[in-house]
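Q: 3D model of this:
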Amino acid sequence: PEPAGMERSRLAAPALPPYEPLPEEVGMEGLPRSTVVSVEPAPPPPPRDHLAWSLCTTLYSNVCCLGFLALVFSVKSRDRKVLGDYSGALSYGSTAKYLNITALLLNVFLFILVIALIASGTIAIVNVFNHEQEHHPFVGPT
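A: Residues are numbered from 1 along each chain as shown. Alright, predicted model coming up:
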């Protein structure tokens, strides 16, 4: 029995044909040429431009024009990416991302502020209404 390592190495590599010397009438020119294939690593993925996010921020929550600015930087990032300037595209894309995040945080803050103001206004109106009812009770028609 063969050791386990030998069995695995035989399974992993294909078997080579046995060595045969060339006949004397055949030269090297008559043999097929070998092909060398160089394997290069895959190129890194292109930087993100956040165009869809910027478009949504512009259309739905354009606080202080931050969504429009994010859209401008996203388009610049896409242009740089098409030209092959990946460092410029990365810079413009990250600026667009930070503008989108800032607009999102401002929108969440403003939404919570509006809800709080509506709630406190409703409570104040109900308190005023109850206070008026205590001082001038409604008797009904006479």
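
Q: Before we move on, what's the pLDDT of Y98?
A: Y98 carries a pLDDT value of 97.

Q: Pull the number of nearby residues for it.
A: By other CB atoms under 10 Å, the residues close to Y98 number 14. Heads up, the C-betas are built off the backbone N, CA and C, glycines and all.

Q: contacting residues for it?
A: Applying CB atoms under 8 Å, 6 or more residues apart in numbering, we find Y98 in contact with no residue.

Q: ok, 10 Å please
A: Contacts for Y98 (CB atoms under 10 Å, 6 or more residues apart in numbering) come out as 50, 66, 70, 73.

Q: Tell me if I'm right that C64 and T102 touch.
A: Yes: checked against CB atoms under 10 Å, the pair C64 and T102 is within contact range at 8.8 Å.

Q: Looking at these two, which has the bigger crowd around it?
A: Legend: neighbour count by other CB under 10 Å for C64 and T102, higher for T102 (17 against 10).

Q: Please enumerate the shared neighbours of C64 and T102.
A: Counting by CB under 10 Å, 6+ apart, C64 and T102 have no contacts in common.

Q: For this protein, just list every one of the helices.
A: Assigned by DSSP state H, the helices in the chain fall at 4-12, 51-60, 66-83, 86-135.

Q: Could you identify which of the ones you listed is most buried?
A: Of all these, helix 66-83 has the most neighbours on average by mean count of other CB atoms under 10 Å, namely a mean of 20.

Q: now for that helix, which elements pack on it?
A: When contacts are defined as 3 or more CB pairs under 10 Å, 6 or more residues apart in numbering; DSSP states H and E, helix 66-83 packs onto helix 51-60, helix 86-135.

Q: Nearest to P43, out of those?
A: P43 sits nearest to helix 86-135 of all the helices and strands packed on helix 66-83, at 9.7 Å, using CB to CB.

Q: pLDDT score for Y60?
A: For Y60, the pLDDT comes out at 90.

Q: Pretty sure it sits against G67.
A: Yes: the pair formed by Y60 and G67 meets the contact definition of CB under 10 Å, at 7.9 Å.

Q: what residues are shared contacts of those two?
A: Both Y60 and G67 are in contact with 103, 107, where contact means CB under 10 Å, 6+ apart.
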